[in-house]
Each structure stands twice: as C-alpha cells, then as structure tokens.
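1. show me the folded form of this:
(6 chains)
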Protein chains: 6
Amino acid sequence: MQISARNALKGTVKAVEPGAVNTEVILEIAPGVEVVAIITKESAEKLGVAVGKEVYAVVKSSDVMIAVE
Amino acid sequence: MQISARNALKGTVKAVEPGAVNTEVILEIAPGVEVVAIITKESAEKLGVAVGKEVYAVVKSSDVMIAVE
Amino acid sequence: MQISARNALKGTVKAVEPGAVNTEVILEIAPGVEVVAIITKESAEKLGVAVGKEVYAVVKSSDVMIAVE
Amino acid sequence: MQISARNALKGTVKAVEPGAVNTEVILEIAPGVEVVAIITKESAEKLGVAVGKEVYAVVKSSDVMIAVE
Amino acid sequence: MQISARNALKGTVKAVEPGAVNTEVILEIAPGVEVVAIITKESAEKLGVAVGKEVYAVVKSSDVMIAVE
Amino acid sequence: MQISARNALKGTVKAVEPGAVNTEVILEIAPGVEVVAIITKESAEKLGVAVGKEVYAVVKSSDVMIAVE
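-> Reported below is the predicted structural model:
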C-alpha cells in the first residue's frame, strides 16, 4: 500500500513501552538519529512491533515543523 | 526555547518551494535521508529558511505513525 | 505496507481539486457518505489519484474527534 | 455550533474503552464501516459517550491521508 | 453541537487571507493575545468568517505542545 | 530556538495530571482563558512542567479549527 504521507523513514526499533491505551516506540533511522512514535497499543501488537524489527516512521509533511537556533 | 515535541531532527535545507499560503521545505537529516515539511509561507520567511541553512525538523511523537512491509 | 493508523476507509474518488501546494480529494466511502482529504499536490500525482479510482482514506484515531448534538 | 473541519460523519457508538488519560471510541458510520477515535477521558464523560449513542466523527481534511494498493 | 476537542477559545476575527486551497484567519482571544488558524477556503466561506465576527478557535489538547524558555 | 508553529501563547501552569504514557497540562493564557495540552509524560518531566511555572502553549495554525454558533 502506497500512502500520501510524504515522509516514510526506514529504521530499526530500539525500544517499545506500552501504556494503557497508547504505546511508545523508539526507532533509529540513521546512526545516532532516533525518532519517537506514539501509536495505539492495539496497532503496536497488530503490526508485531518489537525491538530489532525494521519498520518505517511515517509522517505527513504538514505535521513537520521547522525550528532554527 | 525547549519544546515538548519529542522529535527534533537536525538537518540541512535542500529545497524550498513557496505556495500561496504554504511553503514546502525539503531537508537532509542524514546522508540520503530526507524529510519534507509544509509550513506557512510567513513562517518560512520569518525563520529565514533557505537552501544550505541548518534547521531542525520538529515532530510530535503522536504525529509519527509506524508502518511495516 | 501495513500502517499503525487505525482507520483505513475504502472508497471511490468523486472529485480532485489541485491547488498551488495542496490538492483536495473527495471520496465516497459508503452510499451518500463522503470524506474530504487535503494532501500535497505531489502525492496526489505520485499516487495517480483520479476520479473513479478506488483508494483508502487513512486517519489516525487520535485525529478523530467526537461531537454530539 | 458549526465547525471548519470538513468531515462530520454521523454514526452509532459500538464500543468505549477508557484508559488513564485517553478513551478509545469505536463507531459505525455505515453498515460494516467502523471508525476508531481516541479522545480524552474527560471529553468522553462530558459528552456522555456510550454504546448505542448517535455521534459524529469529526476530522479535519488535512488529517486525512490517501493510500492506494 | 458539542465536540470532544478540549479547547474552544472565544475570539474576534482580526484578519482573513484566502489562498488557493486554504485560508488564513487571525483572531484575538484576549487583549493582545492572537491565534492564527489555517482552514480550507470552502470552510471559511461556508462559516461566513469575516473581520469583526465572533468565532471560536477549536484545538484538540493533543495538538497543543508546551515550550519553556 | 524559534519554531515555525505560528501560535506561541504565554501562560501559567494551573494543573498537571500525569497518566501512563501522557500527561495533561492546564494553563491560563489570559484572565479566565485556559488551554489544555496533552504531552508525553517524559516531556513534562524533562521540561519541569509544574504548577505556577510560566510556559508557552505552541500550536500549528493548521491544527486550529474555527467554529461559529
């Protein structure tokens, strides 16, 4: 399935922390570059998200802000 | 200023495409790893977003989805 | 590709209205039930979104609000 | 109250699952077509969300992505 | 209509700037406190958004970030 | 750090309610005008969010909807 979200960053799952409704997933998309995602607990289980698995971090371009120092 | 958004990915601006209300910004956050952001035209101008500039792609963890093949 | 977004509503494209940076897509997901999506112009072209095509409206559960009369 | 969100899909609540801060609500918007919403626990209680109740799933068009097979 | 979004800030429209697909609306919610919204052009016209009109800025609590200096 | 989000509303924290993964923060941005934010528990702790602290409610203009009575 192809999706309109412009960002699909390939990475490896480093940590998974489930909560009551949501689960926090940390993945490495490049050496030393980590992305944190919060998805529903049900989705994390359905997709089999586990440490070491290759997944994509998918983000709509309108959800990406730009900051400058 | 520190912000609660969990993802602040440092990168270099590769392209800037202004529209009527929004502007599309493409930045490289690691060799060969690009992120696309759509921000308002006014913000792009106020922050001085231009090709070659170092910026951060800021994304809330709840805006990051996970996909698997 | 499977994605963590909990809502993937199958429908048929009824109308496509391109803008400078974004494109508006209207699809019918059940008789008389329409959904409006705004995606980037580039994504609309890349996915070949056109009237009559079968597509999915994908929405994160945290982006769905509930209203009552 | 009328709202700028372009999508207001009428449906019936099928399930309600409260968590610590958030509550998951599943509603049927057409025969066999379900939508999952995650709203705050406080909102779910304030709006009296319960199985069998008629509600609207409200989604901004910019939060709807398009996917194709 | 009552909605699950936890923030409904009452204000007066100060400026309206239409674009191809989206329209920018600036409203004052307290003396010297302004909020900027980007909604679809169609919604702005349907709701009759115009300078001087009393409206609400509606924001989901999960879309509000916190920053500290 | 300057960010592209167009809304940065200064306020004082009135209440903090932690959950398993997320934390609810209520702040006053003008006399009698409150904003509710849900951020990750980790961010709330990292930023030292506590009652009485001066913070900013940061919201992208595309996440602000407009409603009329």
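
2. C-alpha only now, for contacts and for neighbours.
-> OK.

3. is it true that residue A:22 touches residue A:38?
-> Yes: here residue A:22 reaches residue A:38: they are 6.5 Å apart, a contact under C-alpha atoms under 8 Å.

4. what segments of chain A are strands?
-> A:2-3, A:7-18, A:22-30, A:33-40, A:54-59, A:65-68 (DSSP state E).

5. among these, which is nearest chain F?
-> Distance to chain F, taken as C-alpha to the nearest C-alpha, is lowest for strand A:65-68 among these, at 4.1 Å.

6. pLDDT (mean, whole number) over the closest one?
-> Taken as a whole, strand A:65-68 carries a mean pLDDT of 96.

7. ok, now stretch A:27-37?
-> According to the model, stretch A:27-37 has a mean pLDDT of 96.

8. can that stretch be said to contact chain D?
-> No: on the criterion C-alpha under 8 Å from any C-alpha of the partner chain, stretch A:27-37 is out of touch with chain D, staying 15.8 Å away.

9. and that stretch with chain B, contact?
-> Yes: contact of stretch A:27-37 with chain B (C-alpha under 8 Å from any C-alpha) involves A:30, A:33-37.

10. now what about that stretch, what contacts it?
-> Here stretch A:27-37 makes contact (C-alpha atoms under 8 Å, 6 or more residues apart in numbering or on different chains) with A:9-15, A:24-26, A:57, B:6-7, B:9, B:30, B:33, B:61-66.

11. rerun that using 6 Å as the cut-off
-> A:10-14, A:24-26, B:61, B:64 (C-alpha atoms under 6 Å, 6 or more residues apart in numbering or on different chains).

12. turn the strands of chain A into a markdown table, including mean neighbour count and distance to residue B:52.
-> Below are these laid out as a markdown table (neighbours: other C-alpha atoms under 10 Å in any protein chain shown; distance: least, C-alpha to C-alpha, whole Å):
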| stretch | mean neighbour count | distance to residue B:52 |
| --- | --- | --- |
| strand A:2-3 | 20 | 29 |
| strand A:7-18 | 18 | 20 |
| strand A:22-30 | 22 | 20 |
| strand A:33-40 | 23 | 20 |
| strand A:54-59 | 23 | 23 |
| strand A:65-68 | 22 | 13 |
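
13. wait, which of the ones you listed is closest to residue C:48?
-> Closest to residue C:48 of the strands of chain A, according to C-alpha to C-alpha: strand A:2-3, at 10.7 Å.

14. what is the closest one packed up against?
-> Where contact means 3 or more C-alpha pairs under 6 Å, 6 or more residues apart in numbering or on different chains; DSSP states H and E, strand A:2-3 is packed against strand D:65-68.

15. still on that earlier bit, between the residues of stretch A:27-37 next to chain B, which sits nearest chain E?
-> Proximity of the residues of stretch A:27-37 next to chain B to chain E (C-alpha to the nearest C-alpha) peaks at residue A:37, which lies at 13.7 Å.

16. give me the number of residues near the closest residue in space to that closest one that isn't next to it in sequence?
-> Distances taken as C-alpha to C-alpha, 6 or more residues apart in numbering or on different chains place residue B:61 nearest to residue A:37, at 4.4 Å, with adjacent residues excluded. Neighbour count for residue B:61, taken as other C-alpha atoms under 10 Å in any protein chain shown: 22.
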